[in-house]
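Enquirer: Have a look at this prediction, sequence included:
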Amino acid sequence: MHAVVAREAGGPEVLQYTELPDPTPGPGQLLVRVAAAGVNFIDTYKRAGVYPMQYPHVVGAEGAGTVEALGDGVTGFAVGDRVAWHDGPGSYAELVAVNAAGVVHVPADLDLTTAAALPLQGITAHYLVRSTFEVQPGHDVLLHAGAGGVGLLATQLAVARGGRVITTVSTPEKAALSSAAGAAHTIDYARMSDITAELPALVRELTDGQGVHVVYDGVGRSTFEASLASLRPRGMLVLFGGASGQVPPFDPQRLNRAGSLFLTRPTIAHYTLTRGEIEWRTSEVLSSAASGDLDVRIGATYPLADAGEAHQALEGRATTGKVLLVP
């Protein structure tokens, strides 16, 4: 099979399209022929060495495809089943062996390409809005990168729950996408000379001087200060990523002085601790996509061999919606 390997920690240039032996499913695993693999920021963190990894390794963890073989002890699946997963290391490949415990069936009326766009970002959007800070009617929400994959999905989920969503974007085109997803207001931070001062002031104008109940921040270093300053007393900053870099350590007394704020740094692993939780989140997201209640935007697809270009586009914030690799 062909696969994409990170030879060493580094930039997109360390990704190598190469030929490897076909994997075989171990006990409790499925062998799946990949229809499409999702490209996510966590892949870039692992490629770059932000997260400790062994090198070389096949990149990627998310995708959808068709079951080709079952490992010992697997029940509930059969050869030919259409499936998707969010935690299948080595998914930038034509074939992947993935633990069946984290795999879900794809609804019959949802195509595999769309299904591949949903497991990781869909679960992320779901746990952000339903669990980390449960959006309720009347809540004001600030969501960074509103035209990104998580941003578009989380906006729709928050609006469906009665929240009023304010998003940040970097171009008029992205503002239009965010508005179409349901954002009440979009803010073009690319026009700001000082986002730390200007964004909170604008957010407070939009919330009668109060600030928002929650900020969902997957950007990190460049938005963190503005996110904190945009919260009302007892508001929550949900820092779920670091697209612009990791946030440096800070004095927790700042949370006290700013209004008894809450700060959390969630990760998908802690919101998919059981099989039941995985099925709850994925079934709601996949079924909503299949019914058309949740609009899934696939912003770009790349051949598997062009994974480096996909990483470069994602890290350069040149993408909207979901980015996929197609073997």
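Expert: Yep, it's here.

Enquirer: hey, let's count contacts and neighbours off CA atoms from now on
Expert: Noted.

Enquirer: Hmm, residue 1 is touching residue 96, no?
Expert: No: look at residue 1 against residue 96 with CA atoms under 8 Å: they stay out of range, at 9.7 Å.

Enquirer: Of those two, give the one with the bigger neighbour count.
Expert: The residue with more neighbours, out of residue 1 and residue 96, is residue 96; 29 against 13, by other CA atoms under 10 Å.

Enquirer: and the more buried one, what are its bridge partners?
Expert: Beta-bridge partners recorded for residue 96 (DSSP bridges): residue 32.

Enquirer: Quick one, grab the pLDDT at it.
Expert: Note on residue 96: pLDDT of 98.

Enquirer: Against residue 160, how distant is it?
Expert: According to CA to CA, to the nearest Å, residue 96 and residue 160 sit 35 Å apart.

Enquirer: now swap in residue 120 and tell me
Expert: Residue 120 sits at a distance of 20 Å from residue 160 (criterion: CA to CA).

Enquirer: So if I had to pick from the two, which one is more boxed in?
Expert: residue 120 (25 against 16).

Enquirer: Let me see the contact set for the closest residue to that one other than its chain neighbours.
Expert: Leaving aside its sequence neighbours, residue 120 sits nearest to residue 86 (CA to CA, 6 or more residues apart in numbering; 4.9 Å). Contacts for residue 86 (CA atoms under 8 Å, 6 or more residues apart in numbering) come out as 61, 62, 63, 102, 103, 119, 120.

Enquirer: quick one, helices of the stretch 151-300 of the chain?
Expert: Ranges of helices within the stretch 151-300 of the chain are 172-180, 195-206, 224-229, 253-257, 275-291, based on DSSP state H, counting those that start in this stretch.

Enquirer: My guess is residue 296 contacts residue 153. True?
Expert: Yes: between residue 296 and residue 153 there is a contact at 7.3 Å, judged by CA under 8 Å.

Enquirer: who's more crowded, those two?
Expert: Per other CA under 10 Å, whichever of residue 296 and residue 153 has more neighbours is residue 153, with 27 against 21.

Enquirer: Checking the closest residue to that one other than its chain neighbours next. Helix, strand or coil?
Expert: Counting by CA to CA, 6+ apart, residue 153 lies nearest to residue 125, which is 6.1 Å off, once chain neighbours are set aside. Secondary structure, DSSP: H, G, I helix; E, B strand; the rest coil: residue 125 is helix.

Enquirer: quick one: which of the contacts of residue 86 is most hemmed in?
Expert: residue 63 (36 neighbours).

Enquirer: residues touching that residue, list them.
Expert: Residue 63 is in contact with 34-38, 84-86, 88, 91, 115-117, 119, counting by CA under 8 Å, 6+ apart.

Enquirer: In strands, which of the residues you listed appear?
Expert: Among the contacts of residue 63, the residues falling in strands (DSSP state E) are 34, 35, 36, 37, 38, 84, 85.

Enquirer: Tell me the one among those residues nearest to residue 129.
Expert: residue 85 (20.5 Å; CA to CA).

Enquirer: Next one: the residue lying closest to that closest one once chain neighbours are set aside from residue 272, what distance?
Expert: Excluding its sequence neighbours, the residue lying closest to residue 85 (CA to CA, 6+ apart) is residue 103, at 4.8 Å. Separation of residue 103 from residue 272 (CA to CA): 12 Å.
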